[in-house]
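Q: Structure for this input, please:
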Amino acid sequence: MNGGLLSFLPGLDTVNQAIIIIAAFSAIVFVHELGHYLAARLTGVRVERFFIGFDIFGLALEKGWRGTVYGVGILPLGGYCALAGQNDDPRKEIRTGAPDEIQAKPLWARSLVFAGGVLMNFLFGFLILIAAFMYGIPFIPPVLGELDPRGPAAVHGFLPGDRVLRVDDRRVESFEEAAEAIALSGAGGEVMVEVERRDASGIRRILSIRVKGRASGGRGNLNSIGAEPERSRRIGGIVEDPAFTGPLAGKLAVNDEIIAVDGVEIPENQGGLIQRLLANRPGEEARLKVKSARDGEVREVLVPLETYGEWDLGLRIGVEIVGVTPGGPADRAGLSAGDLVTAYEIADPDGGGVRRLASTEQFMRAVIEAALRPVDILLKRKSETIAARVTPKVGTEMPDPERDTLLGLEGVMEGGDGFRIGRILPGSPLEKIAEPGDLLAGLAGRPLPAGKSLREAVEEASSHDLKLFLRRGGENRLAAGLREVTEANLTVRLSPRVSPRHRRPMIGVDLAPGPVTSVEAGSFADTALGGAARLAGSRLAALQYSPDLATTILRFVFPADSPYGGGLKTLVAATPGKILENPGLAGLLSRLPVSFKTAEEVRPLPFFEAVGAAGKKWVDLSLMVYSVIHKLVVRTLPLDAVGGPVQLFRIIKIADDRGFAYFLYIVALISVNLGVCNLLPFPVLDGGHLAFLLIEWLIGGPPPRLVRDTAQWIGLICLLALMLTVTGYDILHLLRGTG
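A: Residues are numbered from 1 along each chain as shown. The predicted structure follows:
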C-alpha cells in the first residue's frame, strides 16, 4: 500500500489517524453488537434498539423498522444492542412477561445471545487474519542485530546474526514474538533462548542459552535482554548535521538502499553489516553502491563518514553524584547527591596509585576494575582436572560481546555443569592454560552458578575496595578548591557489588559529568584550548570531529566569570597529528551518518495456508490475553504495561507505517482482545452475564436481586476505575516518551 492508509488526506496526519482509529474501532464494535443482534433474532428475542455510536443530545440518525430502532450516534466510540426485558442496571429492567423478552427464553438461548458478540468478534478476527496472511503481513525476522554491550544478551554470549528459534517452550517466527515472550516473563525474569548460529564457513549450530533479563525502562518496565532486531539496508533517516547534509545531498536519501560497500555486497536484511564494515575508518570516505528509491537507478557514490569516540584530551573532570541507591555501597559509605568525585585509587598494592578522572566512563571502568581480583579456577579436560589462578582483564577497546566474559573466552554455559570453552581470545588470562573444549567447572572453589553468564560468575568471585576522593559543597572550581588529591574534602572506601539488574560491579550511584578540575600539562586541552586558567569550572557538553578528522569541535558550558564568558561556547582546534596517524589506536570509530530501517520480510500465503496460519495466530492471540491477565493478577507485570485509548492511537500509527496487511492484523488483534476480555466473568461484561446464567443453572434459579445489584455496581465502578487508570498511564508515558 503506497503512502500508508492516511495518504488520502496528506498533511493532516493527526486528524487522519483519529479518523482511522474511529473507523477501525467502530467496525469492531459494530461486529460485536451485530453478534448479539443476530443471536437475538435467531432465538426470537426482540431487539428494541440497535445503535453504532452513542446518542447524545438527541442528535442521532435513527429509523424504526419492524419493532427495532436502528441508529448511528454522533459519538462514534461504541455502540449497543438493547434487548427487550434486559438492562445492565437491574433496577431499570422492565419485564412484561412477553414471550419475546430475553428473560422469557431458556438458559441456552440467553447464553447464546450474551455470547453472540464474543463469537462474532472471534469470527471477524479470524477472517481478517486470513485476509492479512493472504495479502502478506510484514514481519521482522527473529535475527539479533545490535546488542547493548552491557546488556544480558551480550554478556550471556549472544552474537549479532543469531536467529532466535524458541523462547522457553514457545517457537517464535518473528522478532516481535521473541520480544513478546521475553517481555511477558516479567522484569528480571529468566528465559531459555534457543538460537541458530552459523560460523564463517557456514556450519550451523543450535545453542540453548538461559538468560536473566533486566527491566526495559520503557512502558511497564517489561523484561528485556538488550537486543535490537537486524536492520535492513534501506535508509530510514539522515543525520541533521550541516557537516554532512551538504556532502550527502543528491547522493543519499531516505528509502534509498545501500547494496554494496567498497565492493562488498550487502544481503537484503543485514543492514547492520554496513556499519560494521565502516567502523574502523575514521576520517575517510566510503564508496557505496546505492539503489535510488525515487527512480530505481543504481549508482556509485563517495560519501564522508562520521567519526565518534573520545581520545585523551588532557581534561581531568569531577564526576558528580546525582543520586544514591538506598542500601548500596555508596549509601553505606556516606556518599550523597551533590558530591563531586575528583579522583580514585584502587585499594590494592598493585592498584597503580591515585588516578584523576577524565570521564564518567573512566570512573565506571574503574569500579569494574576494582572488582577484578585474581580468582582460582577449575578446568576439566577429559579425565584431567586443572587448577589455576588467573586475573580477569578489562579491555580498553570498545566493548565486544565475545570479550565480555572478562576471561577472554567464547563458549556456552552448559546449565550447572560449567562453561564449555569454544574459543580462547588473544590476550586471555587463560591463553596458555586452557584449550578449546575444556569445561570451566568452578571459580573460587565453587561450581559455576546455573542460569548465570560466565561474566557474572567472574564478577561475583572477585572484589576489591575502591578509595574515592570527593568534594562536598562549595565552588566546583579549580581555582577555589582541589589542586592535590590530599586536599580533598572527603576520602571514602567502599566495595563494589554486582548489580542484579545491570550485571556488573556497581557502587549504587547515578552519575553526571562534572566540571573540569585540572588539565594535564602539555596536553591538547593545555596547548590548544587555553589550559586550566581558561577551562577551570567548565563542563564539556559535546565533542565532534570534522568529516576529514582535521579539526576537533568541542562545546563547553562556562561559568559566568570565565575568560571565555559564561554559557555555551564552541572551541575549534586542529586535531593533533598523532591522532590523525592512528585514530583507531586513540579509540576513535566511524559510521555512516544515517540510520537504517528495521529489516522486514513479507510472505503472502495461498488461501489454505493462510487459514492454517490465521488459526494458529488466533489461538496465540487469545491465549496471550489470558496470560497477560494472569501476570497482572500475580504482579509479574505492572498495570502500566496495559494500554488504553492513547496506546491504541500509537498502534494504529505504527500499522499505517507498516502497510495495509499489518493494519488488518492490528484490527484482528483488537477484535480478538475485545472478545476475550468480554468473556471475563466480570459484572457489566458479557462474561458477567454468562456467569450469572451459570449460577442460575447451578442453583435452579436467578441469584437474589440484591446480589445482582451489588455486583453490577461494583463491576461498573471497577471498570471505570480501570479505564481511568490505564488512560492516565497512557498520558504519563506519552509525556515521558516511554510509550
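Q: who's in contact with Gly411?
A: Counting by C-beta atoms under 8 Å, 6 or more residues apart in numbering, Gly411 makes contact with 157, 419-423, 440, 454. C-betas here are computed from N, CA, C, even on glycine.
Q: Same check on Ala98?
A: 46, 84-85, 104.
Q: now those in JSON lines, with neighbour count?
A: Shown next, in JSON lines, are the contacts of Ala98 (neighbours: other C-beta atoms under 10 Å):
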{"residue": "Arg46", "neighbour count": "18"}
{"residue": "Ala84", "neighbour count": "20"}
{"residue": "Gly85", "neighbour count": "19"}
{"residue": "Ala104", "neighbour count": "17"}
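Q: The chain - how does it break down into domains?
A: As recorded under automatic domain parsing, the domains making up the chain are 13-46+84-138+605-736, 144-229, 232-307+592-598, 315-370+465-586, 375-460.
Q: could the ones you listed be laid out in a markdown table, adding distance to Ile52?
A: Listed next are the domains of the chain as a markdown table, based on distance: least, C-beta to C-beta, whole Å:
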| stretch | distance to Ile52 |
| --- | --- |
| domain 13-46+84-138+605-736 | 5 |
| domain 144-229 | 31 |
| domain 232-307+592-598 | 37 |
| domain 315-370+465-586 | 48 |
| domain 375-460 | 53 |
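Q: Reformat those as a markdown table; add mean pLDDT and distance to Val69.
A: Converted to a markdown table, the domains of the chain look like this (pLDDT from 0 to 100; distance: least, C-beta to C-beta, whole Å):
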| stretch | mean pLDDT | distance to Val69 |
| --- | --- | --- |
| domain 13-46+84-138+605-736 | 78 | 12 |
| domain 144-229 | 80 | 42 |
| domain 232-307+592-598 | 88 | 49 |
| domain 315-370+465-586 | 79 | 58 |
| domain 375-460 | 75 | 63 |
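Q: thinking again about what came up before, okay, the contacts of Gly411 in JSON lines with secondary structure, neighbour count and distance to Ala370 next?
A: What follows is those, written out as JSON lines (DSSP: H, G, I helix; E, B strand; the rest coil; neighbours: other C-beta atoms under 10 Å; distance: C-beta to C-beta, whole Å):
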{"residue": "Gly157", "secondary structure": "coil", "neighbour count": "26", "distance to Ala370": "25"}
{"residue": "Phe419", "secondary structure": "strand", "neighbour count": "24", "distance to Ala370": "24"}
{"residue": "Arg420", "secondary structure": "strand", "neighbour count": "15", "distance to Ala370": "30"}
{"residue": "Ile421", "secondary structure": "strand", "neighbour count": "23", "distance to Ala370": "27"}
{"residue": "Gly422", "secondary structure": "strand", "neighbour count": "16", "distance to Ala370": "29"}
{"residue": "Arg423", "secondary structure": "strand", "neighbour count": "11", "distance to Ala370": "28"}
{"residue": "Leu440", "secondary structure": "strand", "neighbour count": "27", "distance to Ala370": "23"}
{"residue": "Leu454", "secondary structure": "helix", "neighbour count": "25", "distance to Ala370": "20"}
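Q: For Gly688, which non-adjacent residue is spatially closest?
A: Phe682 (5.0 Å; C-beta to C-beta, 6 or more residues apart in numbering).
Q: wait, that neighbour sits on Leu722?
A: No - between Phe682 and Leu722 no contact is recorded; they are 9.8 Å apart, counting by C-beta atoms under 8 Å.
Q: For my notes, confirm Trp258 occurs in a strand.
A: Just to correct that, residue 258 is Ile rather than Trp. Yes - Ile258: assigned to a strand according to DSSP: H, G, I helix; E, B strand; the rest coil.
Q: Was I right to think it contacts Leu288?
A: Yes - between Ile258 and Leu288 there is a contact under C-beta under 8 Å: 5.3 Å.
Q: and for these two, which residues touch both?
A: Leu592.
Q: Touching, Ala668 and Ile128? I think so.
A: Yes - counting by C-beta under 8 Å, Ile128 is a contact partner of Ala668 at 4.0 Å.
Q: before we move on, the earlier item: turn the contacts of Ala98 into a markdown table, columns for secondary structure and distance to Gly213.
A: Listed next are the contacts of Ala98 as a markdown table, based on DSSP: H, G, I helix; E, B strand; the rest coil; distance: C-beta to C-beta, whole Å:
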| residue | secondary structure | distance to Gly213 |
| --- | --- | --- |
| Arg46 | coil | 55 |
| Ala84 | coil | 54 |
| Gly85 | coil | 53 |
| Ala104 | helix | 55 |
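Q: closest to Pro374 among those residues?
A: Nearest to Pro374 out of the contacts of Ala98 is Gly85 (C-beta to C-beta; 82.4 Å).
Q: Which residue, other than its chain neighbours, is closest to the closest one?
A: Distances taken as C-beta to C-beta, 6+ apart place Glu101 nearest to Gly85, at 3.0 Å, with adjacent residues excluded.
Q: Contacts only, for the one you found.
A: Contact analysis of Glu101 by C-beta under 8 Å, 6+ apart lists 45-46, 83-86, 95.
Q: And Arg205, by the same measure?
A: 196-199.
Q: Mind checking which of these are in strands?
A: 196-198 (DSSP state E).
Q: Now rank those residues by neighbours and give me the top one.
A: Counting neighbours by other C-beta atoms under 10 Å, Arg197 leads the ones in strands among the contacts of Arg205 with 17 neighbours.
Q: need the contacts of Ala98 in CSV with distance to Thr598, can you?
A: Converted to CSV, the contacts of Ala98 look like this (distance: C-beta to C-beta, whole Å):
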residue, distance to Thr598
Arg46, 53
Ala84, 53
Gly85, 54
Ala104, 57
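Q: now, which of those sits nearest Leu407?
A: Nearest to Leu407 among the contacts of Ala98 is Gly85, at 75.4 Å by C-beta to C-beta.
Q: Surely that closest one touches Pro99?
A: No - contact criterion C-beta under 8 Å: Gly85 and Pro99 do not qualify, at 10.4 Å.
Q: follow-up on the earlier one: got the contacts of Arg205 as CSV, with distance to Ala711 columns?
A: What follows is the contacts of Arg205, written out as CSV (distance: C-beta to C-beta, whole Å):
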residue, distance to Ala711
Glu196, 52
Arg197, 55
Arg198, 58
Asp199, 62
